[in-house]
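>>> Give the three-dimensional model of this entry:
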Amino acid sequence: MNRDSVTWTGPMPAVTTPFAPDGRVDSAGFRANVARLLGLGATGIVACGCTGEFWSLSLAERKALYADAVAGAAGRGTVIVGTGCVGAADTIALAHAAHAAGADGILVLPPYFVKLTDDEIFAHYEAVSAAAPLPIVVYNIPGNAVNAISPALASRLAELEKIVAIKESSGDWNNFYATLLAVKDRIRVFCGPSSVFGVPAVHAGADGTVDCFPNVWAGTLDLWYAARDPARHAEAEQLQATARRLTDLFVTGGRTLYPATKAAMDHLGFPGGGVPRPPLQKLAGAPLEGLKAGLAELGVR
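Numbering: from 1, shown residues only. Okay, the predicted model is just below:
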């Protein structure tokens, strides 16, 4: 397999996993959000990633969400689901569950928490690639996973049979661009923080974007299309500027990204929000009021 083994491209939102007040997964809300985003112009979705609070889900819940993602998409876009675990055996077992559910591909981050060498990370992906029944998207998010996929390591991983893409979410433009140059001829490259530098990433040749902000603001989806249209470049720059301000709003004033995303969805009346799972806490008080005021100021409604 290589980049030509799949047709994945465009804006693919990282979707939230909504929870009811009693902690159960809100499957109906999840499916409704997937359908809504595809109706707004998403070319696919990524479920059970960091935005989807995968780390708080049991393996059984993750498997059920794979089926919900496929049902919500209803054949209208690519469905990629996170199967990453610390161990290769669990990662592979979830990959088979994703295949059985009808997903198109799997998102696999490096083993997390324990600091690994590049050779150890490579060995993990080598084992998963050998046994997974679906194409793999490598997930580089060192801010959450501890272990980073450098451009040199990405180049090694691009030679593994099942790896067809990388979601580069380091938030570091130099790392993103160096990775793009190193692997773009062999695997597809998706820009993670498109709210931060999606437009230059598209201009540089990114195959698509994966971001949490489409859950809240459709402008993050339109950013992809505007950046690719020479007649809309001024509009693309304005969308990027708004997305940057939105990013700042969600991570300042006592707010963190995932609870703020869900609070914004609830405030705007979108499905798929709800409460986060502990240790994350639902936004309240001054942080919540500041979020609402900031959304209004940015014209996000």
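
>>> Which positions within the top helix by length along the chain qualify as buried?
Taking DSSP state H as the criterion, the chain has its longest helix at helix 233-250. Applying a neighbour-count criterion of 16 or more other Cβ atoms under 10 Å, one finds 235, 236, 239, 240, 242, 243, 246, 247, 249, 250 buried in helix 233-250. Where you see a C-beta, it was placed from the backbone N, CA and C, and this is true even at glycine.

>>> Check stretch 111-124 too.
When neighbours are counted by 16+ other Cβ under 10 Å, the buried residues of stretch 111-124 are found to be 111, 112, 116, 118, 121, 122, 124.

>>> check contacts around the third one.
Read that as residue 116. Residue 116 makes contact with 110, 124, 147, according to Cβ atoms under 8 Å, 6 or more residues apart in numbering.

>>> would a markdown table of the residues you listed with pLDDT, distance to residue 227 and secondary structure be doable?
Output for the contacts of residue 116, formatted as a markdown table (pLDDT from 0 to 100; distance: Cβ to Cβ, whole Å; DSSP: H, G, I helix; E, B strand; the rest coil):
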| residue | pLDDT | distance to residue 227 | secondary structure |
| --- | --- | --- | --- |
| 110 | 98 | 29 | coil |
| 124 | 98 | 34 | helix |
| 147 | 98 | 30 | coil |
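
>>> Out of these, which is nearest to residue 271?
residue 110 (31.8 Å; Cβ to Cβ).

>>> And for the closest one, nearest residue in space, chain neighbours not counted?
Take residue 110 and drop its neighbours on the chain: the residue closest to it by Cβ to Cβ, 6 or more residues apart in numbering is residue 147, 4.1 Å away.

>>> out of the buried residues of stretch 111-124, which one sits closest to residue 281?
The shortest distance between residue 281 and any of the buried residues of stretch 111-124, using Cβ to Cβ, involves residue 112 and amounts to 21.8 Å.

>>> you'd agree the closest one is up against residue 142?
No: using Cβ atoms under 8 Å, residue 112 is not in contact with residue 142, being 9.7 Å away.

>>> Give me the common contacts of the two.
Contacts common to residue 112 and residue 142, judged by Cβ under 8 Å, 6+ apart, are absent.

>>> Could you report the neighbour count for the residue lying closest to residue 76 once chain neighbours are set aside?
Counting by Cβ to Cβ, 6+ apart, the nearest residue to residue 76 once its immediate chain neighbours are dropped is residue 38, at 4.7 Å. Residue 38 has 22 neighbouring residues, counting by other Cβ atoms under 10 Å.

>>> Regarding residue 38, what is its secondary structure?
Per DSSP: H, G, I helix; E, B strand; the rest coil, the local secondary structure of residue 38 is helix.

>>> what residues are up against it?
Applying Cβ under 8 Å, 6+ apart, we find residue 38 in contact with 44, 45, 72, 73, 76, 77.

>>> quick one: which of those residues is nearest residue 160?
Nearest to residue 160 among the contacts of residue 38 is residue 44, at 22.1 Å by Cβ to Cβ.

>>> farthest pair in the contacts of residue 38?
It's 44 and 72 that sit farthest apart of the contacts of residue 38, by Cβ to Cβ, at 11.5 Å.

>>> follow-up on the earlier one: need the buried residues of stretch 111-124 in CSV with distance to residue 84 and secondary structure, can you?
Written out in CSV, the entries for those read as follows (distance: Cβ to Cβ, whole Å; DSSP: H, G, I helix; E, B strand; the rest coil):
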residue, distance to residue 84, secondary structure
111, 8, coil
112, 8, coil
116, 13, coil
118, 17, helix
121, 12, helix
122, 15, helix
124, 10, helix
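
>>> would CSV of those residues with distance to residue 22 be doable?
Formatted as CSV, the entries for these read as follows, by distance: Cβ to Cβ, whole Å:
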residue, distance to residue 22
111, 32
112, 28
116, 37
118, 43
121, 38
122, 42
124, 35
